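> What follows is a predicted structure for the sequence shown.
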Amino acid sequence: MKQRILVTGGTGFIGSHTVVELQNSGYEVVIVDNLSNSKADAVDHIEQITGIRPAFEEVDCCDYAAMDAVFAKYPGIQGIIHFAASKAVGESVQKPLMYYRNNLVSLINILELMPKHGVKGIIFSSSCTVYGQPDILPVTEQAPIKKAESPYGNTKQINEEIVRDTVASGSPIQAILLRYFNPIGAHPTALIGELPNGVPQNLIPFLTQTAIGIREKLSVFGDDYNTPDGSCIRDYIYVVDLAKAHVVAMERILQDKQKEKVEVFNIGTGRGLSVLELIHAFESATGVKLNYQITGRRAGDIEQVWADPSFANNELGWKADTPIEDTLRSAWKWQLHLRETGVQ
Ligand code: UD1
C-alpha cells in the first residue's frame with residue numbers, strides 16, 4: 001500500500017514541485033493549502049505531469065478544527081511536509097503579527113495534531129536566513145544562529161526551536177529541518193513554477209519579467225559589497241533538486257534512518273553566484289539581453305552566503321547537480337508559458 005503524506009502549502013512554488021516528486025516516488029499525497037499565495041489549478045497541473053491527482057483540501061493550517069478534520073478524513077498519514085507559510089521579507093516588517101500568527105500557529109497546530117493522529121515525522125521548511133551573515137563560508141549546519149533581520153526570518157528561527165522543544169519534551173515525533181538556500185527555476189514541463197503576487201520581490205521572477213517586457217528594468221541592489229564584482233552572492237538551487245531532497249528526507253524518517261530525532265540539513269548547491277554572474281548566466285543560457293541597472297543596496301540584504309551541503313550529500317545521498325544554465329532556461333520557459341497561457 002502507498003504511504004500517505006500530507007503536504008501543507010502543496011499548491012505553492014516549492015510545494016507543488018515536491019508533490020510531483022513524491023508521487024513519482026510512489027507516495028500518496030494529500031495537499032492542504034489556503035490558496036493565499038497560490039492557485040488551485042496547480043492540482044490540475046500536478047495531475048498533468050504525474051498522471052495522478054493528489055487529494056486537495058482548501059484549509060488554513062491555523063484552523064485547528066479544520067486540520068483535525070483533515071487528519072480524520074485521511075487516516076494513516078505517516079509524514080508531513082510543512083511548507084505553508086508567509087515568506088515575503090519586506091511584508092513581514094510591515095505586518096509582524098500576521099507573520100508570527102500565521103507561521104507559528106500553523107506549526108503549533110500540526111505538532112499538536114501529529115501524536116493524536118499517529119503521524120511519525122515532519123519535515124519543516126527552514127531557511128539559510130537563520131545564519132544571517134555567516135562568519136565562515138561556505139556555511140555548515142554548525143554555524144551559529146544570528147539574530148534575525150526580519151520577522152519572517154525570526155519565524156523560521158522560532159519554528160526550529162518549537163520543533164526541538166516539542167521533541168525534547170517527549171513527543172513521539174521525529175523531525176528534519178531543511179534549511180533552503182535560494183530556490184529558483186520551474187518544472188521542465190513549464191506546467192508549475194513560481195507565481196508571485198504583484199511586483200516580485202525575489203530576483204528571478206523580477207529578472208524573467210524584465211526579460212519578457214513586463215518590467216522595464218532590473219535593479220541590481222548594490223555593487224559595492226565586499227565580493228569579487230561587488231554584488232551580493234547567493235546559492236541558487238534548482239527547485240526540482242530541492243523537491244527531491246524532501247523525498248529522501250521523508251524516506252529517512254519513515255525508514256528509521258535518522259541518527260537523531262531532530263536533524264538539520266543545508267539544502268544548497270555549495271556554489272555561490274553573484275547577482276551580476278547570474279544575470280550574465282541567464283543571458284548566455286537564453287540568448288535574451290537583460291535591461292538592468294545598478295542601484296543602491298536593499299535594506300536587510302546579506303552580503304554573501306552559500307552552503308556547505310556535504311552533510312546532506314553524505315547523509316541523504318542527495319546532491320543538487322542541475323547546471324545553473326538549465327535552471328535559468330527552465331525559469332525562462334516558465335515565464336514564456338505564463339505569457340502563452342495569458343496568466344502574465
Ligand atoms: C530572501 C530571504 C530568504 C527567503 C527568500 C524567499 C533573507 C536574508 N533572505 O532571500 O530567507 O527564503 O527571500 O522570499 O531574509 N536582488 C536584486 N534585484 C532584485 C531582487 C533581488 O539585485 O530586484 C538581489 C538581492 O539583493 C539578493 C539576491 O538578488 O542579493 C537574491 O534576492 P532574493 O531573490 O530576494 O532572495 P534573498 O533576499 O536572498
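Nice, I can see it.
> From the chain's centroid, how far away is the helix or strand hosting residue 161?
For residue 161, the host element (DSSP states H and E) is helix 151-168. Taking CA atoms, centre = their mean, to the nearest Å, one finds helix 151-168 lying 16 Å from the centre of the chain it belongs to.
> Packing partners of that helix?
helix 89-94, helix 96-100, helix 106-116, strand 121-127, strand 174-180, strand 262-267 (3 or more CB pairs under 8 Å, 6 or more residues apart in numbering; DSSP states H and E). C-beta coordinates here come from the backbone N, C-alpha and C atoms, glycine included.
> Those: which one's closest to residue 252?
Across the helices and strands packed on helix 151-168, residue 252 has its closest neighbour in strand 174-180 (6.9 Å, CB to CB).
> Using a markdown table, lay out the helices and strands packed on helix 151-168 together with mean pLDDT, distance to residue 45 and mean neighbour count.
Formatted as a markdown table, the helices and strands packed on helix 151-168 follow (pLDDT from 0 to 100; distance: least, CB to CB, whole Å; neighbours: other CB atoms under 10 Å):
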| stretch | mean pLDDT | distance to residue 45 | mean neighbour count |
| --- | --- | --- | --- |
| helix 89-94 | 93 | 26 | 16 |
| helix 96-100 | 98 | 28 | 15 |
| helix 106-116 | 98 | 24 | 19 |
| strand 121-127 | 98 | 21 | 24 |
| strand 174-180 | 98 | 22 | 23 |
| strand 262-267 | 98 | 24 | 23 |
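> export the ones you listed to TSV and tack on distance to residue 163?
Formatted as TSV, the helices and strands packed on helix 151-168 follow (distance: least, CB to CB, whole Å):
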stretch	distance to residue 163
helix 89-94	20
helix 96-100	16
helix 106-116	7
strand 121-127	6
strand 174-180	5
strand 262-267	6
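> Domain boundaries for the chain, per the record?
Per automatic domain parsing, the structural domains of the chain span 4-185+236-267, 203-234+270-306+318-338.
> Pick the most deeply packed of these.
domain 4-185+236-267 (a mean of 20; mean count of other CB atoms under 10 Å).
> ok now that one, how far from the chain's centre?
8 Å.
> Quick one: end-to-end length of that domain, please.
Domain 4-185+236-267 has an end-to-end distance of 24 Å (CA to CA, to the nearest Å).
> With stretch 204-219 instead?
12 Å.
> What are the contacting residues of that stretch?
184-185, 194, 196, 199-200, 236, 278-279, 282, 286, 288, 290-295, 328, 331-332, 334-336, 339, 344 (CB atoms under 8 Å, 6 or more residues apart in numbering).
> and the residue in the stretch 51-200 of the chain that the ligand sits nearest to, what pLDDT?
With CB to the nearest ligand atom as the measure, residue 129 is the residue of the stretch 51-200 of the chain nearest to the ligand, at 3.3 Å. For residue 129, the model assigns a pLDDT of 96.
> correct me, but it touches residue 153?
Yes - applying CB atoms under 8 Å, one finds residue 129 in contact with residue 153, separated by 4.2 Å.
> Residues of the chain that sit close to the ligand?
For the chain, the contact set with the ligand under CB under 6 Å from any ligand atom comprises 87, 89, 127, 129, 149-150, 153, 182, 201-203, 206, 218-221, 232, 234, 275, 298, 301-302.
> Out of the residues you listed, which sit inside helices?
Counting by DSSP state H, those place 89, 153, 203, 206, 275 in helices.
> My read is that the last one contacts residue 220, right?
Yes - applying CB under 8 Å, one finds residue 275 in contact with residue 220, separated by 5.2 Å.
> shared neighbours of the two, anything?
residue 231.
> which residues are in contact with stretch 9-17?
7-8, 18-19, 29, 31-33, 35, 37-40, 42-43, 45-46, 54, 56, 81-85, 125, 180, 183, 187, 192-195, 239-240, 242-243.
> Okay, helices next: where are they in the stretch 1-150 of the chain?
In the stretch 1-150 of the chain, the helices defined using DSSP state H, counting those that start in this stretch lie at 13-24, 41-50, 64-73, 89-94, 96-100, 106-116.
> The stretch 201-344 of the chain too?
Under DSSP H, counting those that start in this stretch, the stretch 201-344 of the chain gives helices at 203-212, 239-254, 275-286, 310-316, 324-340.
> Mind putting the ones in helices among the residues of the chain next to the ligand into TSV with distance to residue 25?
Listed next are those as TSV, based on distance: CB to CB, whole Å:
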residue	distance to residue 25
89	32
153	31
203	30
206	33
275	34
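> so what does the lowest-mean-pLDDT helix or strand in the chain touch, helix or strand wise?
Least confident helix or strand, the chain: helix 89-94 with a mean of 93, by mean pLDDT, DSSP states H and E. The contact analysis (3+ CB pairs under 8 Å, 6+ apart) places helix 89-94 against helix 151-168.
> how about 10 Å then?
helix 96-100, helix 151-168 (3 or more CB pairs under 10 Å, 6 or more residues apart in numbering; DSSP states H and E).
> pretty sure residue 18 is touching residue 267, no?
No - Residue 18 lies out of contact with residue 267 (CB atoms under 10 Å); the separation is 11.7 Å.
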